[in-house]
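Q: With the input below, show me the fold.
(one chain, ligands or ions: 2)
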Amino acid sequence: MPFKSPLPDIDIPKCNILSYVFAGDRSNRTEPLWIDAANPTNSLSLSQMHMLVKRLAAGFDKLHVPTNGAVMVFSPNHIFVPTVYLAAAGSNRAFTGANPIYTANEVAYQMKILDAALVLIHPSLLEVGLAAAKQAGIPKEKLFVFSNEETQGANGIKDWRAILASESEAKSWQWDPLEGKEAETQVACINFSSGTTGLPKGVCITHANLIANASQAISIKFVGDIQGRSESSPGKETWLAFLPLYHAYSQLWTINIASRLGYKVYVMSKFVFEDFLKCISQYRVDAIQAVPPVLVMLSKRPEVKNYDISSLKQILVGAAPTSSELQAEVSRRFNLKIGQGWGMTETTCAGIMVPFGEDDDGTGTIGLLMPNTEAKLVDDLGREVTAEGERGELCIRGPQMLKEYWRNEAATRESKEADGWFHSGDVAIWKKDGKGRQTWWIVDRKKELIKVKGLQVAPAELEAVLLECDDVADAAVVGIRFEEDGEEWPRAYVVLQDDAKRRNVGEKEIQNFVAGKVAKHKWLEGGVKFVDEVPKLASGKIMRKFMKDMAKKDAEE
Ligand code: ATP
Ligand code: MG
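A: Ligands and ions are numbered 1, 2, ... in the order given. Next up is the predicted model:
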């Protein structure tokens, strides 16, 4: 028997994402909503965005951008990214974003498999973008310069504003209402998974998926809201967006939910910790969507003392494991609530979440199944595991689950059963909370578990222990084998705090610290190596594949 969310099912509209974000009088609202954090006079209201979306969509028609064609953005965040996202999705094309740190090869791969119909490139990335387009065989007429500020174009390509149809043309442009089933089949965006375990996979997300996940997240956000707020009277909040908009996490909150709730979002183009603190203090930011390294910085970086961030009341953290001690420490120190969310590119964004304003009592739970969402746990033989505290692979089913992987039937077949169950690859457990509700924990990723003498060791657990050590600034744990078919041992790559470096803290001290806290099979018998940084993606994930290759090389030495 699958588990159902303890929260009541909600009604989820089935329509075009534009009908959802501009519902009611939203297209007439003139207060600034997306604001350039570096230059707050540069902003967009919902009404301005509504007009721009229509002008851009009508412009795509004039350029004969095909239906279902991919409109690609290769840019750091700025306030016009949401406009392109909504114009592409809303006009039955697919939005896709490429990671700005990608090399020409990586961008070309994405352009090529999507057969990108248009590519909008930020001026700072022109060299890479042009090289990628050349490699993927995309002609220059399909490329545009995409900046916050108006440009004259560059390198023979035009500014994206050249696509915009006139206001009068836009007035007669209507979006397809996509009622019922159509919303479930029409793809709105193709997001790429982070590539933690292999090559990033294109994930096809429909209009119904986007609306479902925004509705679910809004509903769970207001469960037991201490100010008595609800979707129909959401109050006002100010958010700071620094997570990349090419990724599902930021798209859901910064674009779809912010428009729906009318919350103000200051958009940072780049995450610089001190700027982040400055923005929170200057704009009196109420809440942020974050990833674990942000908590690490809040806990460890000395600059924090120089800023008043007391306006911050809520942090949502997800995308990668967070240590419950770290979460509890930051929450106590800054007197705010931190709740985790769990999701994947394949769950549109989120599947399980802690209601905002609730305390997780230091347990590090990822929260409750979202409304309209079911879960089951299965063991290695595919049998259902049902007991409290017993671990299994988390399988999930709900209206936010992807339609399919882009042109990868094998991957779709492998992870999605015919009746909708999706195998996440994450290992989870559940327990009852104080209110008798079923709450969830991610224990590790199936592919990352280290097998020590037949026992499973979760790298995430050891990383959390290491972060408790005052000498440790950051850490990653992977399995290392010193002989081809020998035992696997946990090996830590550790970044020391400056002060610990001065004191020459060594391998033994770190090993002893861990040995004092965990069972023997989890000790760092694979050794400790000191590094300058732990390689991470912008979303905060440790680059496991890279770390494993590094451990393999180290073992050979
Ligand atoms: P790829 O599938 O390409 O290897 P990826 O799975 O890391 O990369 P995403 O879809 O961005 O790409 O991330 C989803 C994964 O992030 C989940 O499967 C899970 O392992 C991890 N994750 C997300 N939220 C949490 C959380 N709160 N705690 C622990 N892990 C999380
Ligand atoms: Mg994945």
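
Q: and residue 382, how many neighbours?
A: By other Cβ atoms under 10 Å, the residues close to residue 382 number 10. Using the backbone N, CA and C atoms, a C-beta is placed for each residue, glycine as well.

Q: just residue 234 next, same as before
A: 18.

Q: same thing with residue 553?
A: For residue 553, the count of nearby residues is 9 (other Cβ under 10 Å).

Q: same thing with residue 162?
A: Here the number of neighbours of residue 162 (other Cβ under 10 Å) works out to 12.

Q: Next one, pLDDT for it please.
A: Here the pLDDT value assigned to residue 162 is 98.

Q: Over to residue 539?
A: Per-residue pLDDT puts residue 539 at 67.

Q: Number the chain from 49, please
A: Noted, 49 is the first residue going forward, which turns the last one into residue 587.

Q: measure the residue lying closest to residue 364 once chain neighbours are set aside to ligand 1 for me?
A: Closest residue in space to residue 364, ignoring its immediate chain neighbours: residue 337 at 4.8 Å, by Cβ to Cβ, 6 or more residues apart in numbering. According to Cβ to the nearest ligand atom, to the nearest Å, residue 337 stands 12 Å off from ligand 1.

Q: For stretch 591-605, give me every contacting residue.
A: Here stretch 591-605 makes contact (Cβ atoms under 8 Å, 6 or more residues apart in numbering) with 243-246, 496, 524, 526-530, 539, 541, 574, 577, 582-585.

Q: So which bits of it are buried?
A: For stretch 591-605, a neighbour-count test (16 or more other Cβ atoms under 10 Å) marks 591, 592, 593, 595, 598, 599, 602, 603 as buried.

Q: Widest-spaced pair of those?
A: 591 and 603 (18.2 Å; Cβ to Cβ).

Q: Could you say which helix or strand holds the nearest residue to residue 86 once chain neighbours are set aside?
A: Excluding the flanking residues, the one nearest residue 86 by Cβ to Cβ, 6+ apart is residue 317, at 6.8 Å. Using DSSP states H and E, residue 317 sits within no helix or strand.

Q: neighbours around residue 317, how many?
A: Residue 317 has 20 neighbouring residues, counting by other Cβ under 10 Å.

Q: Can you give me every residue that contacts it?
A: 85, 86, 124, 125, 126, 196.

Q: Once you drop chain neighbours, what's closest to the last one?
A: In space, residue 196 comes closest to residue 126 once its chain neighbours are excluded; the distance is 4.5 Å by Cβ to Cβ, 6+ apart.

Q: How about the third one?
A: Here the nearest residue to residue 124 in space, its sequence neighbours aside, is residue 317; by Cβ to Cβ, 6+ apart that works out to 4.5 Å.

Q: separation between the one you found and ligand 1?
A: From residue 317 across to ligand 1, the span is 21 Å (Cβ to the nearest ligand atom).

Q: my guess is residue 51 meets residue 416, correct?
A: No. Under the criterion of Cβ atoms under 8 Å, residue 51 makes no contact with residue 416, lying 10.5 Å away.

Q: just to revisit the earlier point, next, count neighbours for the residue nearest to residue 364.
A: Residue 337 has 24 nearby residues by other Cβ under 10 Å.

Q: helix or strand for residue 238, which one?
A: Assigned by DSSP H and E, residue 238 belongs to strand 235-240.

Q: Summarise which helices and strands that strand is packed against.
A: helix 129-138, strand 142-146, strand 250-254, helix 255-269 (3 or more Cβ pairs under 8 Å, 6 or more residues apart in numbering; DSSP states H and E).

Q: hey, which helix or strand in the protein has the poorest pLDDT?
A: Using mean pLDDT, DSSP states H and E, strand 503-505 stands out as the lowest-scoring helix or strand of the chain, at a mean of 83.

Q: contact partners of the helix or strand following that strand?
A: Toward the C-terminus, strand 503-505 is succeeded by helix 507-516 as the next helix or strand (DSSP H and E). Applying Cβ under 8 Å, 6+ apart, the contact partners of helix 507-516 are 344, 369, 371-374, 490-492, 496-498, 520, 522-527, 538, 540, 542, 558, 561-562, 565-566, 570, 572, 590.

Q: Give the buried subset of those as a ChimeraX selection command.
A: Those of these that count as buried under 16+ other Cβ under 10 Å are selected in ChimeraX with:
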select :344,369,371,372,374,490,491,492,496,497,498,520,522,523,524,525,526,527,538,540,542,558,561,562,565,570,572,590
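
Q: Also within reach of ligand 1: list those from the contacts of helix 507-516.
A: Applying Cβ under 6 Å from any ligand atom to these, one finds that 369, 490 fall near ligand 1.

Q: and the one helix or strand the residue nearest to residue 364 maps to, which strands flank it?
A: Element membership for residue 337 (DSSP H and E) is strand 335-338. If you go by DSSP bridges, strand 335-338 pairs up with strand 286-289 (parallel), strand 362-365 (parallel).

Q: what's the burial count for the nearest residue to residue 523 once chain neighbours are set aside?
A: Spatial nearest neighbour of residue 523, excluding adjacent residues (Cβ to Cβ, 6+ apart): residue 514 at 3.9 Å. The tally of other residues near residue 514 (other Cβ under 10 Å) stands at 25.

Q: same check, this time on residue 350
A: By other Cβ under 10 Å, neighbour count at residue 350 equals 6.

Q: Before we move on, what's the pLDDT of the closest residue to residue 187 other than its chain neighbours?
A: Leaving aside its chain neighbours, residue 187 sits nearest to residue 181 (7.9 Å; criterion: Cβ to Cβ, 6+ apart). On the pLDDT scale, residue 181 is placed at 98.

Q: Confirm for me that residue 181 is in contact with residue 158.
A: No. Counting by Cβ under 8 Å, residue 181 does not reach residue 158; the two are 11.3 Å apart.

Q: quick revisit: send over the strand holding residue 337 as PDB, restricted to the C-alpha atoms.
A: What follows is strand 335-338, C-alpha atoms only, in PDB (Å, rounded to 0.1, in the frame of the first residue of the first chain):
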ATOM      1  CA  ALA A 335      12.600  34.600   3.100                       C
ATOM      2  CA  ILE A 336      15.100  32.900   0.800                       C
ATOM      3  CA  GLN A 337      15.300  29.700  -1.200                       C
ATOM      4  CA  ALA A 338      18.700  28.300  -0.500                       C
END
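
Q: Quick one: end-to-end distance for stretch 458-476.
A: 25 Å (Cα to Cα, to the nearest Å).

Q: Could you list the residues in contact with it?
A: Residues contacting stretch 458-476 (Cβ under 8 Å, 6+ apart): 245, 249, 390, 392, 394-395, 399, 423-426, 439-445, 449-450, 452-453, 488-495, 497, 506.

Q: Buried only: go through those residues for me.
A: Taking 16+ other Cβ under 10 Å as the criterion, what is buried in the contacts of stretch 458-476 is 249, 390, 392, 394-395, 399, 423-425, 439-445, 449-450, 452-453, 488-494, 497, 506.

Q: Give me the subset of the buried residues of stretch 591-605 that lies in helices.
A: Judged by DSSP state H, the buried residues of stretch 591-605 include 592, 593, 595, 598, 599, 602, 603 as members of helices.
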